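# structural data only, the sequence is not supplied:
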C-alpha cells in the first residue's frame, strides 16, 4: 500500500527532491576534498563529475529501482495470491460463491431499480419535462389513472406560450390486425404535439404531427414501435403505407419509432401510437366524451422553456388557470354543485411535477417492494462479506506461522498487509465478476416474478456494472478489514515461540464477532421472510369466495365497431349459449373483471325511516343472474337476481330498479335491521331520488383488492342499462384447460371476428392480484435460506476451531473428573451466547427497520411477536445443529491423548 | 555485499560510503561513484537498509544509511555463501597442487 502511495505526485516529488539533495551533497563534498588536495575550483568540479559518471543517468537508474521494486511487488503479490488461492480450492470456491451470490443479487435488484426508479426517458433533454397535476377538485369523472386532465384542457394549454410544447397521452389496448387474426396490443393515444415536443425522430417514415390531430375521426394513421415492427412484422421498410385494422377500423401505418423509445410510461411497452382525434375508433366509451371538459382521461406533460424553472412557470401559469376555471364555471354544462364543492373547485391550482422519468402507475406499486428487496440483498451481501472475512481469518490463523516467519526475515507489516489485500482483492473481484455473470439470470427470475407483463428488461448495462463494481469494492474492504486487523496484531516473538497460538486466539475472538453479525443479519432476513409469507397466506384466505374451476374472459363488441343494439345481441347470445354449454355448472356476466386493480364507486343516498347519505363511496358493479352461485357466495337475506330482473331484449333501457348490498353495507347503514325493501339512489345531492329497492344481502367477498376488509359494495342488474363490454364468469364441472377451446369456438359461432379476451382461471387471477406479495414472499424466503446456510458455515467453522484449540483444556478437565456432558456444554454455551448476541442485535434493528416493510404487510404487524419468536427458535435450532459435530468431537476427546500432546 | 559490510560497522552517507569503499579495497575496485546510488536505493527498497537525514561532520544535512535487522541477516547469509564459495574455490586449487 505504502508503495502505491509513492506514486502519488506529491510523494513522488518529495522523493525526487531527496535524491537531488543527496547527490548534490556528494558532489559538493567531493569538490571540497579535491580543492583541499590542491586542485583549482573549476578543475575540481570537472574531476568530480568525471569520477561520478552522468548525474542524470544515475538519477534515472535510481528511479528505475523505485519503479521496478513496486512492479515487482505487485506481480509477486499477484502470483503469490494466485498460488495460495489455487492451493485451497475449497476455500476459494466457497469465498467466490458467497461473493458471487451477494454481488449477483445486488446487481440484479439494482438493474430493476435503475429501470423502474432511476432512468430518464430516452428523449431530448428529459430534465425539462414536467407532469401537470390538478391540485384540488376538478368536478369531473375520470377514465384511467394518475393525474388526469381533459383533452380540451390540453389543447388550450398548447395555445398558450408558457412552455416549449405541451403533449398529452392516454394508454390503451386495441385489437390490432394486419389482415387475419385480431390481437390485443398496448398502445398510446397521443396529441399531435407528442413526438415533436419530446424530440423523438422516426426510425422509418414519419411520426404523428400536429396536422394529424385536427379533425375528429379524420386521421386514420398509426405509428408502430421498433420492437413490434422488427419482431412481428419482419422489419421491412415496406410497412410504411400499409393498411391495418385497429378495432376493425382501417388505418395506415405512417412510420416506426426509434428502438430506445417506449412512450411516456417506461414500464409499459406500447406497440403503437394513434392520434387523439381517433379516440372514438380506439375507445368508444371515452371517445363519446372526449371533448367534454369534465371528462378527464389524459396525462398532460410539458417542456419547460430553457433556463426557466418549474417554479417560475408555475407562478406564470396560475392567473391563466384561474381565469379558465372562472370561465368554465359559467358554461352551460357546468354541474350544479354545493357551495363547498364549488369552493374546492375554484381554489384548485396547477402543479408541475418533474417528469424526466416519464410517468408510470406501476412505478408507485413497485417502488416499495423493490426497496425492501434491495434491503434484503444488501443484508445478504453483508452476510456474504462476513462469511468471506471469517474464512480469511480462519486461513489467516492457519497461516500465522508463515506470516510471522516472513516478518521475522524482514518483511514489513505493510508488505504483509499489501499481500493479504491483494489476495482479498483477487477474491472479491473474482466473486464480483462471477456475480455479474449470474446477475442476468437472477434478474430474469426477478423480472418474471415481479412483472407478469414482462415489461422490464434483464439487461446488464454499464450503470449496473458500475454499481456491481462499487458493491464489490465495498465487500472487498469489508472482507479484508478483519484479516488486516489480525495481521497487525501478530506479536512477532511471542507468536514464533508459542507456535502461533496467541494469534490464533485473537482470530477466534474476531471470528466469533463476525458470526454474531451473521446471526443478526440472518435473523433479520428470517423475520422479514416470515412476515411476508404470512402476509401472502392471509391475503389468500381473505378472498371470501371459492375460485376453483372458475374461469373468466372478456368480450368487447363496441370496440369492434358494433352499435349498442348489436353489442347487446351478441352479449345476450353468448350468455345464453354459455349456460347451455356441456360441462358448465353455471355462467354469468358482469361489467368488470374482478381483482384486476380497477373499480367503480359512488356516494349513495339511502331512504329508510330517515334519509341518509353514505359516509364514504360504496363500490358497485353490474352483474347478471347466477353471478353469486358461480362464485360460490351465498345470499344471506332476501333473494338473488332472477329472470324477472332482466330487462327483456328489444325494450328500452330502464333506470335500475333493484339492488343487492353486501353484509358490510347492511351492517354499516342498517345496524341490526334488515335492509330488505328499503331504497337507495346513486349520488349524494339533494336532487337524488332513492328509487332502487334493496332485494337481498350477500356475503362479503373481495372483488377489488385482497387487502380490502369490510368495504361496502352494492350490485346492480347487468341488463338494465346499455350493455357495452363485459366479463363472463364460468363455473365448470371439470378441468378449466379443456374449456378454453370450446369457449373460443362458442364465441366464434356467435361472431367470427370478435376477439376473446384471454380466458384465465380465478386462481390465476388471484395469483396475479398478489404478484408483488408473492414475489416478495418467495424471494425473501430464498434470501432467508441462503442466509441460514451462510451463517451455518460460519458458525460451524468457528466452533470447530474452538474445539481444536481447547482440546487440551477439555482433556485436562476430563482427567480431573468432568463429564462428557460438560464438554458438550462448553460448546453449546458458546453457540447459545453467539446466537443470543446475534438476536440481541437483530431485534432492535428489526424495530428500526419495521417502517421499511410495514406497507407490504397485511394482517400482521411489522414487529410481530410470534414471527420473531419462531424465527429466533429456527435460528437457534439450526445453530445448535451446526454445532453438533464440533460438540460431538469435544465429547469424544480422549484425556490421555489430549494430555500427551502437551 | 561490500556496502552492507561497510554499513555493518556504522551508519554513513553516500559520499562516506564511496570513500570507505575506496579505502577498504585499497583502490583496487574503481567504479563510477554515480553507480553507488542506484545500488543504495535498491538495497533500501529491499528493506535491507534504512535511511534518515542527519547532520554530517561538515554541519550540512546528509542522508545517512544504516543496516536493518533484515540487512544484517542478509549480510550473514551472503558472507556465508561467499565463504562457502571461497572454500570451494580453495579446495579446488588445493587439490590441483
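Everything's here; your move. On a predicted model such as this, the values are computed, not experimentally measured, just so you know.

# would you mind listing what in chain B touches chain A?
Within chain B, the positions near chain A by Cβ under 8 Å from any Cβ of the partner chain are B:13-15, B:18, B:32-35, B:37-38, B:41-42, B:45-48, B:53, B:56, B:58, B:60-63, B:68-71, B:73-74. All C-beta spots, glycine's among them, are computed from the backbone N, C-alpha and C.

# neighbours of residue A:288, how many?
Using other Cβ atoms under 10 Å in any protein chain shown, residue A:288 is surrounded by 12 other residues.

# over to residue A:536?
What residue A:536 shows, counting by other Cβ under 10 Å, is a neighbour count of 21.

# over to the one 10 residues further on?
When neighbours are defined as other Cβ under 10 Å, residue A:546 has 14 of them.

# kindly report the same for residue A:211.
9.

# give the contact list for it.
By Cβ atoms under 8 Å, 6 or more residues apart in numbering or on different chains, the residues touching residue A:211 are residue A:192.

# and it, helix, strand or coil?
helix (DSSP: H, G, I helix; E, B strand; the rest coil).

# for residue A:96, same thing?
Residue A:96 is classified as helix under three-state DSSP.

# how about the contacts made by it?
A:427, A:430, A:431, A:434.

# pretty sure the second one sits in a strand.
This points to residue A:430. No: if the criterion is three-state DSSP, then residue A:430 is helix and not within a strand.

# what's the closest non-adjacent residue to residue A:207?
residue A:195 (4.0 Å; Cβ to Cβ, 6 or more residues apart in numbering or on different chains).

# what's the answer for residue A:662, then?
residue A:713 (4.4 Å).

# do you know the pLDDT at that neighbour?
If you check residue A:713, the pLDDT there is 93.

# is it true that it touches residue A:666?
No: Residue A:713 is not in contact with residue A:666 according to Cβ atoms under 8 Å; the separation is 10.6 Å.

# mind checking how far residue A:564 is from residue A:571?
11 Å (Cβ to Cβ, to the nearest Å).

# hang on, the earlier thing: neighbours around the residue nearest to residue A:662, how many?
23.

# tell me the contacts of it?
Taking Cβ under 8 Å, 6+ apart, we find residue A:713 in contact with A:618, A:619, A:620, A:621, A:661, A:662, A:664, A:665, A:700, A:703.

# and it, what are its bridge partners?
residue A:619 (DSSP bridges).

# most neighbours among the contacts of residue A:96, please name it.
residue A:431 (28 neighbours).

# quick revisit: for chain B, state which of the contacts of residue A:713 is nearest.
Chain B has its nearest neighbour among the contacts of residue A:713 in residue A:703, at 78.9 Å by Cβ to the nearest Cβ.

# once you drop chain neighbours, what's closest to the closest one?
residue A:594 (4.4 Å).

# hang on, that neighbour in a strand?
No: the assignment for residue A:594, made by three-state DSSP, is coil rather than a strand.

# that one: neighbour count?
24.

# how about it, what does it touch?
A:552, A:703, A:704, A:727, A:762, A:765.

# quote the end-to-end distance of stretch A:633-645.
Start and end residues of stretch A:633-645 are separated by 19 Å (Cα to Cα, to the nearest Å).

# grab the nearest non-local neighbour of residue A:281.
residue A:249 (4.3 Å).

# so what's the residue count around the closest residue to chain B within the stretch 201-350 of chain A?
When scored by Cβ to the nearest Cβ, the stretch 201-350 of chain A has residue A:260 as its residue closest to chain B, at 53.6 Å. Residue A:260 has 11 neighbours, counted by other Cβ under 10 Å.

# so what's it up against?
With contacts defined as Cβ under 8 Å, 6+ apart, residue A:260 is in contact with residue A:122.

# tell me the secondary structure for it?
coil.

# ok, back up a step: which one of residue A:564 and residue A:571 has more residues nearby?
residue A:571 (25 against 14).

# OK, now which residue of chain B is nearest to chain A?
For chain B, Cβ to the nearest Cβ, closest residue to chain A: residue B:70, 2.5 Å.

# where's that residue relative to residue A:41, distance?
Distance from residue B:70 to residue A:41, by Cβ to Cβ: 43 Å.

# ok, these two, which is more surrounded?
residue B:70 (19 against 10).

# helices or strands up against the host helix or strand of the more buried one?
Element membership of residue B:70 [criterion: DSSP states H and E] is helix B:69-96. Packing partners of helix B:69-96 (3 or more Cβ pairs under 8 Å, 6 or more residues apart in numbering or on different chains; DSSP states H and E): helix B:2-9.

# which residues outside the helix it packs on are in contact with it?
B:12, B:17, B:20-21, B:24-25, B:29, B:36, B:39-40, B:43, B:48-49, B:65-67, B:71-72, B:74-75, B:78.

# cool, stretch A:306-318 as well?
Contacts for stretch A:306-318 (Cβ under 8 Å, 6+ apart): A:128, A:130, A:160, A:162-164, A:304-305, A:349-352, A:354.

# re earlier: and the contacts of residue A:713, which is the shakiest by pLDDT?
pLDDT is lowest at residue A:703 among those; the value there is 84.

# element containing it, please.
With DSSP H and E as the test, residue A:703 turns up in no helix or strand.

# wait, doesn't it sit right on residue A:597?
No: using Cβ under 8 Å, residue A:703 is not in contact with residue A:597; the gap is 11.2 Å.

# more neighbours: these two, which one.
Per other Cβ under 10 Å, whichever of residue A:703 and residue A:597 has more neighbours is residue A:703, with 24 against 12.

# thinking again about what came up before, what about the residue nearest to residue A:207, neighbour count?
Residues near residue A:195, counting by other Cβ under 10 Å: 25.
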